[in-house]
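**Q** Show me the folded form of this:
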Amino acid sequence: MQAMEAYQEIIRHGQAAGDLFSELMGISALGLLAINRGELHFAHRLVTQGEERIQRSGGGSAPISQAVYGELGEIYFQWNDVERAA
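**A** Here you go, the predicted structure:
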């Protein structure tokens, strides 16, 4: 799928450039696409990596990080893990 490849490319370029915003934007977009396609395990692995990246960088207050956390909540909600989704 072209969109998945494009988002993966954004992630790679963001990582190579040390650009946290671009990296997380790619992770967020690819994660949302995976959620919408029902690929929740892949989305979880990806978004969890984004969460770890946010924590390592101290970028938790960046607006894009909220999208990553929102997607993680959506995954837990889809898995009926309401406590973790909140």
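**Q** The spatially closest residue to residue 86 that is not a sequence neighbour is in what secondary structure piece?
**A** Computed as CB to CB, 6 or more residues apart in numbering, the closest residue to residue 86 that is not its neighbour in sequence is residue 73, at 7.3 Å. (Glycine included, C-beta is placed from N, CA and C.) Secondary structure assigned from DSSP states H and E places residue 73 in helix 63-78.
**Q** gap between that helix and the chain center?
**A** Centroid displacement of helix 63-78 relative to its chain, using CA atoms, centre = their mean, to the nearest Å, is 7 Å.
**Q** how about that helix: buried residues?
**A** For helix 63-78, burial by neighbour count (16 or more other CB atoms under 10 Å) applies to 64, 65, 67, 68, 71, 72, 73, 74, 75, 76.
**Q** What of stretch 30-38?
**A** Buried residues in stretch 30-38, counting neighbours by 16+ other CB under 10 Å, are found at 30, 31, 32, 33, 34, 35.
**Q** What's the end-to-end length of stretch 78-86?
**A** Stretch 78-86 stretches 12 Å from its first residue to its last (CA to CA, to the nearest Å).
**Q** what sits up against it?
**A** Taking CB atoms under 8 Å, 6 or more residues apart in numbering as the criterion, the residues outside stretch 78-86 that touch it are 35, 40, 73, 74, 76, 77.
**Q** From residue 22, how far off is the nearest residue to residue 25 once chain neighbours are set aside?
**A** In space, and not counting its chain neighbours, residue 25 is closest to residue 64: 5.9 Å by CB to CB, 6+ apart. Counting by CB to CB, to the nearest Å, the gap from residue 64 to residue 22 is 9 Å.
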